[in-house]
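S.K.: mind looking at a prediction? Sequence and model below.
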Amino acid sequence: MRSHLALTAVIVAVVALLAGGAFVALRSSTPTADSAAEPSTAAPPAPPPPAAPSKPRAGRQLSVEEAIKELDLIRPSRTKAAEDFTAPLLGGKSFRLSQHRGQPVLINFWATWCPPCRQEMPSMERLWRQHKDSGFVMLAISLDADPEVVPPFVAEHKFTFQIALDPKMDVANAYGVRALPASFLVDRQGHLAALALGPRTWDNDAAHSLIEGLMRQ
């Protein structure tokens, strides 16, 4: 699976770049795109609590598999634990992935200089606002080399989801990020559920159905 997923990531990234820049490439000799699926060495957490239901929403209701297919996400072929990490947040606190067991987490890698990242972030904000009260967690990890450019950008666009800083690309390297944007969905048990290479529309019926389905699993 490692070699297959890595090859898929490379092919998709190359095709997207040649097709007109749906990705912004990163210079890196880092691990492969499914590095996040390596088993975590952290101690097993307590069983996850029941997920609260999302707010009522009009629109098509899709299964998790249907939503993954419609969003054109990559689904790992076997169960793997997402790589644990700790990253500093804007405001001085920190985020540790393993502390959010029992909650679905969307991890998005981005940068202020990345046009497709900026394109998808408003839809991420709408997805976050719809499901945040139900336990959904969204973390956007900035790879800007200068962290000082991030706060004014976030303030200008009024994003309210959590923003982490990774200027040395420690977390990005652990997840094998080769191009931006890249998004990783982690389920309530801490397993990598799906990943997106390139921007997505995160506020359509498929995206909402995916989060709602992960809440129930």
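M.R.: Noted; the coordinates are in hand.

S.K.: CA only for contacts and neighbour counts going forward, please
M.R.: Noted.

S.K.: what about stretch 81-90, start to end distance?
M.R.: Across stretch 81-90, the terminal residues are separated by 26 Å (Cα to Cα, to the nearest Å).

S.K.: what's the weakest-modelled helix or strand in the protein?
M.R.: In the chain, no helix or strand scores lower on mean pLDDT, DSSP states H and E than helix 2-19, which sits at a mean of 38.

S.K.: downstream of it, the next helix or strand is which one?
M.R.: With elements assigned by DSSP states H and E, the helix or strand that comes after helix 2-19 is strand 24-25.

S.K.: output the contacting helices and strands for that following strand.
M.R.: Under the contact definition 3 or more Cα pairs under 8 Å, 6 or more residues apart in numbering; DSSP states H and E, strand 24-25 sits against helix 2-19, strand 179-180.

S.K.: and the strands in this structure, which stretches?
M.R.: Using DSSP state E, the strands of the chain run over 24-25, 86-88, 94-96, 105-110, 137-142, 162-165, 179-180, 182-186, 192-197.

S.K.: buried sites along the third one?
M.R.: Residues of strand 94-96 classed as buried under the neighbour-count rule (16 or more other Cα atoms under 10 Å) are Phe95.

S.K.: which residues are in contact with that strand?
M.R.: Contacting residues not belonging to strand 94-96 are listed as Asp84, Phe85, Thr86, Ala87, Pro88, Leu89, Ala164 [Cα atoms under 8 Å, 6 or more residues apart in numbering].

S.K.: sheet partners, orientation included, of that strand?
M.R.: Taking DSSP bridges as the criterion, strand 94-96 forms sheet pairs with strand 86-88 (antiparallel).

S.K.: just give me the neighbour total for Ala174.
M.R.: Counted with other Cα atoms under 10 Å, residues neighbouring Ala174 total 20.

S.K.: that one contacts Thr86, correct?
M.R.: No. The pair Ala174 / Thr86 is not scored as a contact, 11.5 Å apart, by Cα atoms under 8 Å.

S.K.: which one of the strands of the chain has the lowest average pLDDT?
M.R.: Mean pLDDT is lowest for strand 24-25 out of those, coming in at a mean of 79.

S.K.: in its sheet, which strands sit next to that strand, and in what direction?
M.R.: Using DSSP bridges, the strands paired with strand 24-25 are strand 179-180 (antiparallel).

S.K.: most widely separated two among the contacts of strand 94-96?
M.R.: By the measure Cα to Cα, Asp84 and Leu89 form the most distant pair in the contacts of strand 94-96, at 15.7 Å.

S.K.: hey, what's the spatially most central residue of the chain bridged with?
M.R.: Centroid-nearest residue in the chain: Ile107, 2.6 Å away (criterion: Cα atoms, centre = their mean). Under DSSP bridges, the beta-bridge partners of Ile107 are Leu139, Phe184.

S.K.: wouldn't it be in contact with Leu139 here?
M.R.: Yes. Taking contacts as Cα under 8 Å, Ile107 lies within contact range of Leu139: 5.0 Å.

S.K.: tell me the pLDDT of the closest residue to Gly135 other than its chain neighbours.
M.R.: For Gly135, ignoring the flanking residues on the chain, the nearest one in space by Cα to Cα, 6 or more residues apart in numbering is Gln103 at 5.7 Å. Gln103 is assigned 97 on the pLDDT scale.
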